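**Q** build me a model:
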Amino acid sequence: MSVTRHASVDTVLGALTIVADAESVVGVYFPDHTHPPTPEAIGEVVNEGDDPLISRAARELREYLDGRRQSFDVPVSTDGDEFSESVWAYLRTVPFGETTTYGRIARELGNPGLAQRVGRAVGHNPVSILIPCHRVVGADGALTGYAGGLERKRALLDLEASEDSRLF
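**A** Have a look, this model is predicted:
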């Protein structure tokens, strides 16, 4: 088996492409993803059931999408620049069922003027859902860009909202 490999896995949000490199998931992409990986970056195609890591990631994603999981245990690895890595690390701290804003992340990272740069890093998160970029909304609470599409972002936020209290 090649070190970098990928599989297409069926979910309620469509077929997700899960990419693994060595022992970590390095990509989760939606159909029609805004910033898709290149074919070279995803390696050879494997069957979900033949790859223990991809199979585990698929199981955890399906459990989350079925409302049976709130966090992920599968190992994840990213390879961005220092700023993007700091944004993605921050995203990992946003609790299930809560949202944050681009401006808040910029302030937390030390410079409120970096909200647009934060937005670019959020939009280029290579590991959708596992690193919860869907939890970032505009300053007024509006849904703003999502690489998997705003309908999927809404579905993910609705999934995380309690029955008694919607996020918006």
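
**Q** list the contacts for the residue nearest the centre of the chain?
**A** Among the residues of the chain, the one closest to the centroid is Ser128, at 1.6 Å (Cα atoms, centre = their mean). Taking Cβ atoms under 8 Å, 6 or more residues apart in numbering as the criterion, Ser128 is in contact with 16, 28-30, 33, 134, 147-148. Heads up, the C-betas are built off the backbone N, CA and C, glycines and all.

**Q** repeat that for Val127.
**A** Applying Cβ under 8 Å, 6+ apart to Val127 gives the contacts 25-28, 76, 78, 88.

**Q** give me the below-cutoff pLDDT ranges for this structure.
**A** Where the chain drops to pLDDT under 70, the residues are 1-2, 162-168.

**Q** go again with 90.
**A** For the chain, the stretches with pLDDT under 90 are 1-2, 22, 32, 34-36, 38-40, 112, 138-147, 162-168.

**Q** domain ranges for it?
**A** Split into domains by automatic domain parsing, the chain comes to 4-65, 82-160.

**Q** now Gly138: closest residue in space that isn't a chain neighbour?
**A** Thr144 (4.5 Å; Cβ to Cβ, 6 or more residues apart in numbering).

**Q** my guess is the one you found contacts Val137. True?
**A** Yes - Thr144 lies in contact with Val137 (Cβ atoms under 8 Å); the separation is 6.6 Å.

**Q** these two - which one has more neighbours?
**A** More neighbours surround Val137 than the other of Thr144 and Val137, with 20 against 17 (other Cβ atoms under 10 Å).

**Q** and Asn125, how many neighbours does it have?
**A** Asn125, neighbours per other Cβ under 10 Å, totals 25.

**Q** and Arg68, by the same measure?
**A** Residues near Arg68, counting by other Cβ under 10 Å, number 9.

**Q** can you give me the strands in this structure?
**A** In the chain, the segments counted as strands under DSSP state E are 4-11, 14-21, 24-29, 44-45, 100-101, 136-137.

**Q** a markdown table please, covering these and showing distance to Glu108.
**A** Formatted as a markdown table, these follow (distance: least, Cβ to Cβ, whole Å):
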| stretch | distance to Glu108 |
| --- | --- |
| strand 4-11 | 31 |
| strand 14-21 | 29 |
| strand 24-29 | 24 |
| strand 44-45 | 39 |
| strand 100-101 | 8 |
| strand 136-137 | 12 |
